[in-house]
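# Task: produce atomic coordinates for the following.
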Amino acid sequence: MSKYVDVHRRSIEDPEGFWGEIAQDLHWDKPWDRVLDTSRAPMYQWFSGGRLNTCYNALDRHVEGGRAEQAALIYDSPITGTVRRFSYRELRDWVARFAGVLLAQGVKPGDRVVIYMPMVPEAVVAMLACARIGAVHSVVFGGFAAPELAKRIDDAKPVAVISASCGIEPTRVIAYKPLLDQALEIAAHKVDCCVVLQRPQCVATLQLGRDVDWDEQIAKAEPADCVSVAATDPLYILYTSGTTGKPKGVVRDNGGHAVALKWSMKAVYDIEPGEVMFTASDVGWAVGHSYLVYGPLLHGCTTILFEGKPVGTPDAGVFWRVIQQHGVVTLFTAPTAFRAIKKEDPRGELIGQYDLSKFRALYLAGERCDPDTIAWAGDKLGVPVVDHWWQTETGWPAAANCRGIEELPVKPGSATVAVPGYDIQVLDEEGRPMAADDIGNIVIKMPLPPGTLLTMWNNEHGYREHYLTRYPGYYLTGDAGFLDGDAYLWIMSRIDDIINVAGHRLSTGGMEEILAAHPDVAECAVIGMADATKGQLPVGLVVLKAGVDRPHDEIERELIARVRDQIGAVAAFKRVLVVERLPKTRSGKVLRATMRAIADNQTYNVPPTIDDPAILDEITAALSASRF
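Residues are numbered from 1 along each chain as shown. Predicted coordinates for the structure are as follows:
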């Protein structure tokens, strides 16, 4: 660990020297006055006084530096049967022209623009065009319900919305324009301009005086140059669901964001400029922002925009086809994608049909990955599997096996160690450090490194209260876990998912790890159900692998015995339910809090990010039929 330890130690002890050197890799219109500005602590700022343009660093710099004809973006859509490649020069020119469209519609530096689009190249173009002219984009993934879109419009107060006529799912076409029209009708804030991309699968009706056609506007637009902005100016707002029902608008800056993401491409993901990265994420999520769009392009890589699913478009081998066809070296996806693949192709037979000789590593994040899935992926693919941890708020990995610095031994179930720049600690309820291997609340000592959230949009008070107040001097992550004796971080659950069984604090993540190791289980979740005697009792919900036809009660008894053997009677684990599927967000996170509310007969709001609301009725029926 010597090299990693040295790098991490310097990042904590000398953050200004550490990040100041790394920032030299970018083009700055004006150097910074201070690498780290502490004058408004805990509202820290990075590279104050400096000026740059994120789009210039992601596109123009590479065109001028010899990568003009290299592929920047590959659009691969098995849903529509389309593959298109765009060189850095082509993408730069397209972005410049669409930036001209925005200028012609009156968009100015600092104005907000909401992007409500499917997984098409125009979504990436829209993001980069906003960055080019200093506008602040806020991407809301396509198909989001109208009331939730309206909340984001009211909070960000955009001068324009960029949308498309429809999104395309494996079994249906979703018309976006009616949803957008409804959201604009609901919202108190009125938007004067909507730019609409017409897709042939569903042509939208445009409202005269407000809506304009993407293709018509871009055909007559003048290319726009890059606008120099302050490093501390916002690049984007990205909303993440809040516990109060009010969306939290995470604000990302231009300077620190560009510095951290470019550095992480090599340090964390071990990717060189010119290589191909496949990030299977929607552009509406933090992963899509950081490692589908900005990170690869800032580093001079080729990035893949994938409009499809890990299974069903057409089968569980589609990821391997993409890797072979485009020479992918690194795949970044969510653990739930691999559980879906493992469920459909448990023996990994489809993997052997493709040439994966260029493929070097698989990165998983988005939720905790069980060791069984990690072991399955590593065995079938024959490459390192890196389970790493970060959040929408951090914007890039906080804990990982930083293979570009020094590849460390893997401990399945652990996110490995703190990434340089992050001082991760585990505290008890009173703010005291926890002993090694003891579960507590995971925090990060301030200041957070570059690239993390500056604040929440129009809600500095909420930022302070939600993240900084409970443990002064620390950022509260909301996750629970522990550091072991080697300083490896183990994420066990959200703080709210630590359950109290007769006074014993137990991790649902630890129980899920045991269930997931059963040979018949494809994926699982454990929730705490209210109990008058013990406070809470754990309930396991499991989805079985394809082809398993054993009696469910037999499997349930085996699972209960496994938890009892490995955790003990203290867990009071007596109930397992076999279900067809688990409720998830579109990014693959299991909706444990929603299932917990269902189990306790509490009222709940259907999460706006849910992939399929109908599944909640199935879960309700299963839990109702199994009351203790």
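# The spatially closest residue to residue 168 that is not a sequence neighbour in helix, strand or coil?
Leaving aside its chain neighbours, residue 168 sits nearest to residue 79 (5.0 Å; criterion: Cβ to Cβ, 6 or more residues apart in numbering). (Glycine included, C-beta is placed from N, CA and C.) State at residue 79, reduced to three classes by DSSP: H, G, I helix; E, B strand; the rest coil: coil.
# Hmm, residue 307 and residue 79 touching each other?
Yes. Here residue 79 lies in contact with residue 307, judged by Cβ atoms under 8 Å, at a distance of 5.4 Å.
# any common contacting residues for these two?
With contacts defined as Cβ atoms under 8 Å, 6 or more residues apart in numbering, the residues shared by residue 79 and residue 307 are residue 168.
# Who are the contact partners of residue 82?
75, 76, 307.
# Can you tell me which of the residues you listed is nearest residue 2?
residue 76 (40.7 Å; Cβ to Cβ).
# Quick check: that closest one is in a strand.
Yes. Under three-state DSSP, residue 76 sits within a strand.
# Tell me, how many residues neighbour it?
Counted by other Cβ atoms under 10 Å, the residues lying close to residue 76 total 20.
# count of residues packed around the residue lying closest to residue 304 once chain neighbours are set aside?
Leaving aside its chain neighbours, residue 304 sits nearest to residue 278 (4.4 Å; criterion: Cβ to Cβ, 6+ apart). Residue 278 is flanked by 27 other residues according to other Cβ under 10 Å.
# what helix or strand does residue 278 sit in?
Assigned by DSSP states H and E, residue 278 belongs to strand 276-279.
# which other residues reach the next helix or strand along the chain from that strand?
For strand 276-279, the following helix or strand on the C-terminal side (DSSP H and E) is helix 286-288. Here helix 286-288 makes contact (Cβ under 8 Å, 6+ apart) with 139, 238, 240, 250, 279, 281-282, 332, 334, 365-366, 390-392, 395, 587.
# what's near enough to touch the residue nearest to residue 304?
Per Cβ under 8 Å, 6+ apart, neighbours of residue 278: 303, 304, 306, 319, 322, 323, 326, 328, 330, 331, 332.
# Relative to residue 1, which of those is nearest.
Of all the contacts of residue 278, residue 330 has the smallest distance to residue 1: 22.6 Å, by Cβ to Cβ.
# Parallel or antiparallel, list what pairs with the strand holding residue 278.
The pairing partners recorded for strand 276-279 under DSSP bridges are strand 302-306 (parallel), strand 328-333 (parallel).
# Just to check, residue 345 is in contact with residue 317?
Yes. At 7.2 Å, residue 345 counts as touching residue 317 under the criterion of Cβ under 8 Å.
# Identify the contacts common to the two.
Residues touching both residue 345 and residue 317 (Cβ under 8 Å, 6+ apart): residue 351.
# How is the protein partitioned into domains?
Domain segmentation of the chain under automatic domain parsing yields 2-308+388-481, 502-624.
# quick one, which of those domains is packed in tightest?
Neighbour counts (mean count of other Cβ atoms under 10 Å) averaged over each of the domains of the chain peak at domain 2-308+388-481, with a mean of 20.
# Ramachandran angles for residue 248?
Torsion angles at residue 248 (phi, psi; degrees, to the nearest 10) stand at phi -100, psi 120.
# List the residues that contact the nearest residue to residue 201 once chain neighbours are set aside.
With Cβ to Cβ, 6+ apart as the criterion, residue 201 has its nearest non-adjacent residue at 5.1 Å, and that residue is residue 173. When contacts are counted by Cβ under 8 Å, 6+ apart, residue 173 touches 166, 167, 201, 202.
# Any figure for the gap between the last one and residue 332?
To tie it back to what came earlier, the one meant is residue 202. Per Cβ to Cβ, to the nearest Å, residue 202 is found 30 Å from residue 332.
# Look at the residue nearest the centre of the chain and report its pLDDT.
Here the mean C-alpha position of the chain is nearest to the C-alpha of residue 287 (Cα atoms, centre = their mean), at a distance of 3.5 Å. pLDDT, residue 287: 95.
# do the same with residue 585
pLDDT, read off for residue 585, is 81.
# That one and residue 608 touch, don't they?
No. Proximity of residue 585 to residue 608 does not meet the contact threshold set by Cβ under 8 Å, at 9.1 Å.
# chain center to the strand holding residue 278, what's the gap?
Distance, stretch centre to chain centre, for strand 276-279: 15 Å (Cα atoms, centre = their mean, to the nearest Å).
# mind saving the C-alpha coords of it as PDB?
What follows is strand 276-279, C-alpha atoms only, in PDB (Å, rounded to 0.1, in the frame of the first residue of the first chain):
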ATOM      1  CA  VAL A 276     -12.800   3.600 -24.700                       C
ATOM      2  CA  MET A 277     -15.000   3.800 -21.500                       C
ATOM      3  CA  PHE A 278     -18.500   2.300 -21.400                       C
ATOM      4  CA  THR A 279     -20.600   3.800 -18.600                       C
END
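# could you give the mean pLDDT of that strand?
Strand 276-279 shows a mean pLDDT of 98.
# Equivalent analysis for stretch 423-440, please.
Mean pLDDT, stretch 423-440: 94.
# For that stretch, which outside residues touch it?
Counting by Cβ under 8 Å, 6+ apart, stretch 423-440 makes contact with 12, 398-399, 418, 441-445, 471, 474, 480-485, 489, 492, 498, 505, 507, all of which sit outside it.
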